[in-house]
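Chemist: sequence first, then the predicted structure:
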Amino acid sequence: MEIPNLKIYSKKLITAPCNIYYGGDIDDFLNIEIAPTQNILCFFGWEHSGIQFHISAEKNNLLERLAEKVSLHKNHNFWIYHSWINFDSYINGKFSNLKSVKYIDELYLHGERTVYININPQIEKNFDSKKHWFSIGNNRRVHRYIAAMYLLGTEVTAKGTLRFDPTEILEHPLWEGYLEYWKYNNCNEIFSIESSFPILKKGFYKILHNVEYETRVYTQTSIPSINSYNFDQFLRTLYKETFVEVVNETTFMEPFGIITEKFINSVYGCNFPIILNVHGTVAHLRELGFDMFDDVVDHSYDTETDPMKRLVQALSSNLQLLNDPELAKNSWKKCKSRMISNVELAKELERNVPNVITNTLISLNNEICNH
């Protein structure tokens, strides 16, 4: 199945007079040049680059930048169609001439890269496996480093596979220096979990000494561009051996975020997911119909708005599941049919993408005509 091209569909379905823009991230919206004659401006956005958190990045207040853009053009109506979780609560109705519509999830917006429908799930498992969970993160993200430190510091890595690119941590020879790096860049987020510093410090030095984790150096070509191919060729073996996954999503520290193929991999891999993403992600996945296995995985972390506290809670509240292979394997046996149901739901949602896009554009066209 080919995911429909949004621009092609728009040209066919939008007959009302309006200006439609397409961009990857929120910065594209902020950089739109607006002519005085334009009244309704529709922006279709996706991705996360405009909000991505970096310790050393120059700080800017996205809400202030949005306010500046919208306030400068009070006679214009801005309609943003997007794939971002928490964006509506982030803008919180502050702009009378800005309308936000979350019409789809990010994982369906990249054409053939995101086609999974012909992939077979990894429902067969090795119950004699020595390591029953895994956590992998190819690209360098702050939350993936902190999660790795916590997993290493709690010593559950003897029971699981941890793989990430340690490059940015290796730049700091001392834990105290790493904390100073946060302070120097006016980032205080990590200090909300100061009570966990002894665990993180232990994990930090394990990273420095290359203990209990696998290294994978990130490059632009280190992951296949087709996600389903990556699943079949590189991840399937991991899923055969494991039953639990720490899902290291792309966003986490940011005020709003996206769901990507990383979650869908866990569905087709038939693993219990511990989701590291923006708050409310698990609730959103439940709303889509996914079984989040609340009787096995403690997802109470999903309501925690402080990102660092959410990360520690996600891992600490599920340490028994990560540390007890028999618990995980026996729980999986009881949930096997539910795993299969999640796969069927994922296939159904993927099949319905053309209808979602078509109905969104028809609704948009009708609304513009009646505006």
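Modeler: Cool, got the structure.

Chemist: let me see the contact set for the residue nearest to the spatial centre of the chain.
Modeler: With distances taken as C-alpha atoms, centre = their mean, the residue of the chain nearest its centroid is Glu249 (3.5 Å). By C-beta atoms under 8 Å, 6 or more residues apart in numbering, Glu249 lies in contact with 257-260, 262-263, 275-277, 281. C-beta: built from backbone N, CA, C; applies to glycine.

Chemist: most neighbours of all these, which one?
Modeler: Asn277 (28 neighbours; other C-beta atoms under 10 Å).

Chemist: Phe78 - that's part of a strand, no?
Modeler: Yes. Under DSSP: H, G, I helix; E, B strand; the rest coil, Phe78 sits within a strand.

Chemist: list the contacts of it.
Modeler: For Phe78, the contacting residues are 29, 41, 43, 69-70, 95, 97-99, by C-beta under 8 Å, 6+ apart.

Chemist: go on, Glu326?
Modeler: With C-beta under 8 Å, 6+ apart as the criterion, no residue contacts Glu326.

Chemist: and it, which of the three is it?
Modeler: helix.

Chemist: what does Leu345 give?
Modeler: Recorded secondary structure, Leu345: helix (three-state DSSP).

Chemist: excluding residues flanking it in the chain, which one is nearest Phe53?
Modeler: Using C-beta to C-beta, 6 or more residues apart in numbering and skipping residues adjacent in sequence, the residue nearest Phe53 is Met253, 3.7 Å away.

Chemist: and the one you found, how many neighbours?
Modeler: The number of residues near Met253, taken as other C-beta under 10 Å, comes to 21.

Chemist: hang on, it packs against Val142?
Modeler: Yes. If you go by C-beta atoms under 8 Å, Met253 and Val142 touch, sitting 5.9 Å apart.

Chemist: who touches both of these two?
Modeler: Counting by C-beta under 8 Å, 6+ apart, the contacts common to Met253 and Val142 are Phe53.

Chemist: in the helix or strand bottoming out on mean pLDDT in the chain, what's buried?
Modeler: Ranking every helix and strand in the chain by mean pLDDT, DSSP states H and E puts helix 6-13 at the bottom, with a mean of 81. For helix 6-13, a neighbour-count test (16 or more other C-beta atoms under 10 Å) marks 6, 9-10, 13 as buried.

Chemist: got a list of contacts for it?
Modeler: Defining contact as C-beta under 8 Å, 6+ apart, one finds that helix 6-13 is touched by 20, 22, 44, 109, 357-358, 361-362, 365.

Chemist: most neighbours, which of the residues you listed?
Modeler: Neighbour counts for the contacts of helix 6-13 (other C-beta under 10 Å) peak at Phe44, which has 26 neighbours.

Chemist: can you tell me the SS state at it?
Modeler: Following three-state DSSP, we place Phe44 in the strand state.

Chemist: in the sheet, who's paired with it?
Modeler: Tyr22, Tyr81 (DSSP bridges).

Chemist: below-threshold pLDDT in this structure: ranges please.
Modeler: Residues of the chain meeting the criterion pLDDT under 70: 1-4, 57-60, 111-112, 217-225.

Chemist: for it, what spans make up the strands?
Modeler: Taking DSSP state E as the test, the strands found in the chain are 19-23, 40-45, 77-82, 98-102, 133-137, 160-164, 214-215, 244-248, 272-276.

Chemist: CSV for the ones you listed, including distance to Phe204?
Modeler: As requested, these are exported to CSV (distance: least, C-beta to C-beta, whole Å):
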stretch, distance to Phe204
strand 19-23, 38
strand 40-45, 36
strand 77-82, 36
strand 98-102, 37
strand 133-137, 16
strand 160-164, 13
strand 214-215, 15
strand 244-248, 18
strand 272-276, 18
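
Chemist: wait, what's in contact with Tyr268?
Modeler: 116, 119, 121-122, 231, 239, 343, 346.

Chemist: switch the cut-off to 10 Å
Modeler: By C-beta atoms under 10 Å, 6 or more residues apart in numbering, the contact list for Tyr268 reads 116, 119-123, 228, 231-232, 235-236, 239, 261, 339, 342-343, 346-347.

Chemist: tell me which two of the contacts of helix 6-13 sit farthest apart.
Modeler: Pairwise distances across the contacts of helix 6-13 (C-beta to C-beta) peak at 19.9 Å, for the pair Leu109 and Asn365.

Chemist: wait, His284 touches Ile259, no?
Modeler: Yes. His284 is within contact range of Ile259, at 7.4 Å (criterion: C-beta atoms under 10 Å).

Chemist: what do these two both touch?
Modeler: Common contact partners of His284 and Ile259 (C-beta under 10 Å, 6+ apart): 85, 105, 277-278.

Chemist: correct me if wrong: Cys187 contacts Glu180.
Modeler: No. Cys187 lies out of contact with Glu180 (C-beta under 10 Å); the separation is 11.1 Å.

Chemist: so these two - more neighbours on which side?
Modeler: Legend: neighbour count by other C-beta under 10 Å for Cys187 and Glu180, higher for Cys187 (18 against 12).

Chemist: so for the more buried one, what's the nearest residue that isn't a sequence neighbour?
Modeler: Spatial nearest neighbour of Cys187, excluding adjacent residues (C-beta to C-beta, 6+ apart): Ile55 at 5.2 Å.

Chemist: neighbours around that neighbour, how many?
Modeler: Neighbours around Ile55, by other C-beta under 10 Å: 17.

Chemist: over to Trp182?
Modeler: Trp182: 16 neighbours (other C-beta under 10 Å).
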